[in-house]
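1. Need a 3D model of the sequence below.
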Amino acid sequence: MTGFVEKPEPPQVPGLVHVHTGKVRDLYRNEAGDLVMVASDRLSAYDWVLPTAIPDKGRVLTQLSLWWFDQLADLVPNHVLSTELPPGAPADWEGRTIVCRSLRMLPVECVARGYLTGSGLAEYRESRTVCGLALPEGLVDGSELPAPIFTPATKAEVGEHDENVPYEEVARRVGADTAAALRQLTLAVYSRGRDIARERGIILADTKFEFGWEAEEDGAERLVLADEVLTPDSSRFWPADRWEPGRPQDSFDKQIVRDWLTSPASGWDRGGEQPPPELPAEVVERTRARYIEAYEMLTGTRWS
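-> Numbers count the residues shown, from 1 in each chain. Below is the predicted model of the structure:
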């Protein structure tokens with residue numbers, strides 16, 4: 001069994017209807033029909049939403065996403081309408097809330113990989129492919145790929161794994177033209193993000209995006225970039241000065257938490273049925289510091 005150790009009760013806000021509680025975000029709909037997305041400080045690992053929050057994490061994710069949406073605005077429209085706090089919202093929502101366009105979301109996680117690691121590495125070791133795409137011999141953990149690749153996945157419910165699928169499966173689900181557009185946009189956005197991150201001393205190893213359709217006045221639809229974008233929760237960021245293919249890389253994400261959970265210190269059996277324990281204060285603070293370090297390196301702005 002996986003999922004929430006303890007599912008939170010969403011705040012009730014006048015004029016907002018609660019729609020969904022996700023691993024990290026709570027979604028509401030306002031009276032105009034727009035979505036209100038609130039990024040919590042929750043953290044997930046090994047398909048569990050952990051009982052311990054990481055202070056400021058939701059604000060870091062939100063502010064970094066907003067910064068990236070600005071960097072990408074010429075490539076693809078995004079779902080942001082406003083960052084104003086809805087009337088009557090809790091004060092704690094400040095800095096972690098986005099009022100968004102209501103989109104018809106596509107049932108695909110659009111993943112781009114520029115480096116080999118994670119589930120892609122596991123498949124490569126078995127078949128020399130990732131999502132059915134053939135790769136050269138001789139690659140190791142952390143190797144840069146000859147060119148970025150589009151390796152989509154299906155979206156999973158809380159407590160379930162996303163599942164990598166071949167491009168042909170995406171085309172079957174959403175149509176050939178839409179699949180081609182998703183691949184083109186995903187690789188374009190990844191490449192822009194990779195280049196910006198590299199200038200700031202960070203390797204963007206891989207990342208995932210979500211897109212949705214927005215209806216336009218003439219009845220046509222356009223693809224819009226949604227959810228979060230290029231954050232430590234949706235991307236693997238590695239310090240460029242410590243990149244060394246052939247071993248697991250240091251990362252600006254929750255790897256500190258994963259390492260502690262799978263260490264003898266946690267006392268937790270990942271393969272058992274018991275939920276993960278509370279995180280020690282030292283693990284929480286180190287994880288918070290990594291999120292903030294990524295924000296500051298990428299944006300050039302000091303976190304406050």
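2. what residue ranges in the stretch 151-300 of the chain score low on pLDDT?
-> Low-confidence segments of the stretch 151-300 of the chain (pLDDT under 70): 156-161.
3. Do you have the helices of it handy? List them.
-> Assigned by DSSP state H, counting those that start in this stretch, the helices in the stretch 151-300 of the chain fall at 167-174, 176-199, 255-261, 281-299.
4. And these: which comes nearest residue 234?
-> Ranking these by proximity to residue 234 (Cβ to Cβ) places helix 176-199 first, at 10.6 Å. No exception for glycine: its C-beta is placed from N, CA and C like everyone else's.
5. Okay, the nearest residue to residue 302 once chain neighbours are set aside and residue 199: tell me how far apart.
-> Nearest non-adjacent residue to residue 302, counting by Cβ to Cβ, 6 or more residues apart in numbering: residue 296, 6.1 Å away. Taking Cβ to Cβ, to the nearest Å as the measure, residue 296 falls 15 Å from residue 199.
6. follow-up on the earlier one: roughly how far does the residue nearest to residue 302 sit from residue 63?
-> Taken as Cβ to Cβ, the span from residue 296 to residue 63 is 11 Å.
7. Hmm, residue 304 and the residue nearest to residue 302 touching each other?
-> No. Checked against Cβ atoms under 8 Å, the pair residue 296 and residue 304 is beyond contact range at 10.3 Å.
8. Please say which of these two ends up with more neighbours.
-> residue 296 (14 against 3; other Cβ atoms under 10 Å).
9. That one and residue 68: what is the separation?
-> 14 Å.
10. Contacts only, for the residue nearest the centre of the chain.
-> Most central in the chain under Cα atoms, centre = their mean is residue 234, positioned 2.0 Å from the mean C-alpha point. Going by Cβ atoms under 8 Å, 6 or more residues apart in numbering, residue 234 touches 207-209, 227-228.
11. And for residue 91, the neighbour number?
-> 6.
12. Other residues contacting stretch 295-304?
-> For stretch 295-304, using Cβ under 8 Å, 6+ apart, the contacting residues are 56, 60, 63-64, 67, 196-197, 200-202, 252, 292.
13. how long is that stretch end to end?
-> One end of stretch 295-304 to the other measures 11 Å (Cα to Cα, to the nearest Å).
14. How about stretch 88-95?
-> First-to-last distance for stretch 88-95 - Cα to Cα - comes to 15 Å.
15. Give the buried residues for it.
-> Across stretch 88-95, burial judged by 16 or more other Cβ atoms under 10 Å covers 89, 93.
16. Backbone dihedrals for the nearest residue to residue 96 once chain neighbours are set aside, please?
-> Spatial nearest neighbour of residue 96, excluding adjacent residues (Cβ to Cβ, 6+ apart): residue 58 at 4.1 Å. Dihedral pair for residue 58: phi -60, psi -40, per degrees, to the nearest 10.
17. separation between the residue located most distally from the centre of the chain and residue 102?
-> Outermost residue of the chain with respect to the C-alpha centroid, by Cα atoms, centre = their mean, is residue 218; its distance is 32.4 Å. The spacing between residue 218 and residue 102, counted by Cβ to Cβ, is 18 Å.
18. and what of residue 34?
-> Taking Cβ to Cβ, one finds residue 34 at 6 Å from residue 102.
19. just residue 55 next, same as before
-> 31 Å.
20. Neighbour count: those two, which is higher?
-> A count of neighbours by other Cβ under 10 Å puts residue 102 above the other of residue 55 and residue 102, at 16 against 13.
21. Might one say that that one is in contact with residue 27?
-> No. Using Cβ under 8 Å, residue 102 makes no contact with residue 27, being 10.3 Å away.
22. shared neighbours of those two, anything?
-> Joint contacts of residue 102 and residue 27 (Cβ under 8 Å, 6+ apart) are residue 35.
23. and residue 264, how many neighbours?
-> 6.
24. ugh, wrong one, residue 127
-> Residue 127: 11 neighbours (other Cβ under 10 Å).
25. what lines up beside the strand ranked longest in the chain in the sheet?
-> Secondary structure assigned by DSSP state E gives strand 202-215 as the longest strand of the chain. The pairing partners recorded for strand 202-215 under DSSP bridges are strand 104-105 (antiparallel), strand 108-115 (antiparallel), strand 221-226 (antiparallel), strand 235-239 (antiparallel).
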